[in-house]
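Colleague: Structure for the following, please:
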Amino acid sequence: MGDVLAGNQATWEFESDALVIRFDRGNRTPRLFSVLRERRIPHEALASVTLTPGKRGTVVLHAVPRPGADPLMEAAAGQLAEHCDPYRLVLPADRETLAEYYRDELRTVLARRPASAWGAAGVAGAADVSGPADVAGAVGVTGAAEVAGAATGIAGASHLPDAPDVGDAPDIVDMTPTDRFLVAPPAGPQSFKAYDGKASFDGHGEVAFRWSWTGASSEKWKAGDQTFQVRDLCGVEWRSPEVLDGHLRLLPRGGEPRAPQPDLDPASVVFGLGYGPVHLSLPFAAAVLAAIRTTDRVPARVAAPGAVAERIRHLGELHQAGLVTDEEFSAKKAELLAEL
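Modeller: Numbering: from 1, shown residues only. Predicted structure coming up:
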């Protein structure tokens, strides 16, 4: 077990090869943190670490992930508010000296990584990352931290290792994109309720949308409940429910034409009126994105016969109800049978 630094809403443990972040539970903790619970961030996944003043007598220790290292931050695409950024640790200002120590320790680790780990972009040793605004493009945060309550203290301070004699730690910034995810995605299977249906993911190979009678558009009802094989997807598009037009859209391979609006696209579920909250829809999107990247590295598999049979059954119900024509029924049935 490494040294432990406890702050407001989270605790950082410093292992020899990784930073382990454990999130507190409580009424003041963002619900996203409660869902994430714990994350292990390999040093290889970090671009830099900064220490900046916070609000209300606090300082903020911020570990910045490299582009492409974390599926959660990739799916968020810059839309997380600062108080929901899982890479920030808020501490009372009287612990600034201790925070500086750990910042310098991490920077020293980053500086000692093999040159091959930096990629073609190299090391920006003189880059100015003195504040969150300087790295907003990498981790998607804006504004100042909103801090509630006091930090919870530290454990293990009496066992701190001797700091290396390197003087002031270099200000290391490695924005080289990774070629694979280095941080584990939120665990599956998962599901959540959107405004127009329910989204579910089995954790590895299949995403399903089941439409709601009250919220789904006629276009989605006509298309029927949808089941998507991860191998047939190339990405996800998540738009926060905290802005207009919040939605989760699956991006199929091949670039087929799609409806311009998510509420008309059977490969999308839309958010609103409390449906599709960040703490459920974002981990879901991250898990699906990670599965897509993993599938890209393994041979394709055929569709499960049971899933195809269920989709054909539902298509038959729509046909009998007069929601699809004979021609549409025949064409879609042939398309589904081709997946076997």
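
Colleague: From here on, just use CA atoms for contacts and neighbour counts.
Modeller: Will do.

Colleague: Of all residues in this protein, which one is nearest the centre?
Modeller: For the chain, Leu72 is the residue whose C-alpha lies nearest the centre (C-alpha atoms, centre = their mean; 1.2 Å).

Colleague: How about that residue, nearest residue that isn't a chain neighbour?
Modeller: Leaving aside its chain neighbours, Leu72 sits nearest to Ala286 (4.8 Å; criterion: C-alpha to C-alpha, 6 or more residues apart in numbering).

Colleague: which residues sit in contact with the one you found?
Modeller: Neighbour list for Ala286: Pro71, Leu72, Met73, Glu74, Ala75, Pro185, Pro186 [criterion: C-alpha atoms under 8 Å, 6 or more residues apart in numbering].

Colleague: go with 6 Å
Modeller: Contacts for Ala286 (C-alpha atoms under 6 Å, 6 or more residues apart in numbering) come out as Pro71, Leu72, Ala75.

Colleague: give me phi/psi at it?
Modeller: phi -70, psi -40 (degrees, to the nearest 10).

Colleague: Let me see the mean pLDDT of the helix or strand where the residue nearest to the centre of the chain lies.
Modeller: Assigned by DSSP states H and E, Leu72 belongs to helix 71-76. Averaging pLDDT along helix 71-76 gives 98.

Colleague: could you say what helices and strands that helix packs with?
Modeller: helix 278-295 (3 or more C-alpha pairs under 6 Å, 6 or more residues apart in numbering; DSSP states H and E).

Colleague: Between the contacts of Ala286, which sits nearest Leu89?
Modeller: The nearest member of the contacts of Ala286 to Leu89, counting by C-alpha to C-alpha, is Leu72 at 17.5 Å.

Colleague: Within its sheet, name the partner strands of the helix or strand that contains Val49 and how each one runs.
Modeller: For Val49, the element it lies in under DSSP H and E is strand 46-53. The strands that strand 46-53 pairs with in its sheet are strand 58-65 (antiparallel) (by DSSP bridges).

Colleague: got the contact list for the strand it pairs with?
Modeller: With contact meaning C-alpha under 6 Å, 6+ apart, strand 58-65 is reached by 45-54, 87-93.

Colleague: can you give me the helices in the stretch 51-200 of the chain?
Modeller: 71-76, 96-111, 136-139 (DSSP state H, counting those that start in this stretch).

Colleague: could the ones you listed go into CSV alongside distance to Ser16?
Modeller: Listed next are these as CSV, based on distance: least, C-alpha to C-alpha, whole Å:
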stretch, distance to Ser16
helix 71-76, 23
helix 96-111, 9
helix 136-139, 24
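
Colleague: which of these sits most buried?
Modeller: Neighbour counts (mean count of other C-alpha atoms under 10 Å) averaged over each of the helices of the stretch 51-200 of the chain peak at helix 71-76, with a mean of 24.

Colleague: Now do that one: distance to the chain's middle.
Modeller: 3 Å (C-alpha atoms, centre = their mean, to the nearest Å).

Colleague: before we move on, what about stretch 17-37?
Modeller: Using C-alpha atoms, centre = their mean, the offset of stretch 17-37 from its chain centre is 14 Å.

Colleague: Which strand or helix spans the residue lying closest to Gly235 once chain neighbours are set aside?
Modeller: Of all residues not flanking Gly235 in the chain, Leu251 sits nearest, at 5.1 Å (C-alpha to C-alpha, 6+ apart). Using DSSP H and E, Leu251 falls within strand 247-252.

Colleague: Who are the packing partners of that strand?
Modeller: strand 233-239, strand 268-270.

Colleague: Which one of those strands lies nearest to Val207?
Modeller: Closest among the helices and strands packed on strand 247-252, using C-alpha to C-alpha: strand 233-239, at 10.1 Å.

Colleague: For the stretch 151-300 of the chain, which segments count as strands?
Modeller: Ranges of strands within the stretch 151-300 of the chain are 153-155, 190-193, 197-201, 206-211, 226-229, 233-239, 247-252, 268-270, based on DSSP state E, counting those that start in this stretch.

Colleague: Against which helices or strands is the longest one packed?
Modeller: Judged by 3+ C-alpha pairs under 6 Å, 6+ apart, the packing partners of strand 233-239 are strand 247-252.

Colleague: Just want the angle from the strand it packs on to strand 206-211.
Modeller: Angle, strand 247-252 to strand 206-211, by axes from the mean of the first three to the mean of the last three C-alpha atoms, to 10 degrees: 130 degrees.
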